[in-house]
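Student: Structure here, sequence nowhere to be found:
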């Protein structure tokens, strides 16, 4: 019996004025989800990769990048600066967060269980 191997790459994209941010989900239960930045000149891997298990989605709000790490149950917030990303908040959600955040003056998070932040 012939075994077929399928490779599925799931990516999330978001951009700011000068950068495109790319999230690579990674493998479930492997903790190898990663974050990349594409500029006009080059592609950069975030120096603190991997971020966790299933980097689900990204959102840029003003000068901050919000990264939802579903399997690891957290939201990581970075300041977007000229020389790269600086981590400023690590929000442990204590439950898996779905792939969506909505921003107005507050943050609204779609999640699968009760949110205990």
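Tutor: Done, it's in. Source: prediction; values computed, not measured. Numbers count the residues shown, from 1 in each chain.

Student: which residues in the protein form strands?
Tutor: Ranges of strands within the chain are 11-15, 20-24, 34-38, 43-45, 55-61, 64-69, 74-81, 84-92, 97-103, 107-111, based on DSSP state E.

Student: and the fourth one, what's its mean pLDDT?
Tutor: Per-residue confidence for strand 43-45 averages out to 91 on the pLDDT scale.

Student: Any chance of a markdown table for the strands of the chain, columns mean neighbour count?
Tutor: The way it works is simple: take the backbone N, C-alpha and C, and place the C-beta from them, glycine included. Formatted as a markdown table, these follow (neighbours: other C-beta atoms under 10 Å):
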| stretch | mean neighbour count |
| --- | --- |
| strand 11-15 | 14 |
| strand 20-24 | 20 |
| strand 34-38 | 18 |
| strand 43-45 | 12 |
| strand 55-61 | 21 |
| strand 64-69 | 24 |
| strand 74-81 | 18 |
| strand 84-92 | 14 |
| strand 97-103 | 15 |
| strand 107-111 | 13 |
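
Student: Quick check: which ranges of this protein have low pLDDT?
Tutor: Applying pLDDT under 70 to the chain flags the ranges 1-17, 96-117.
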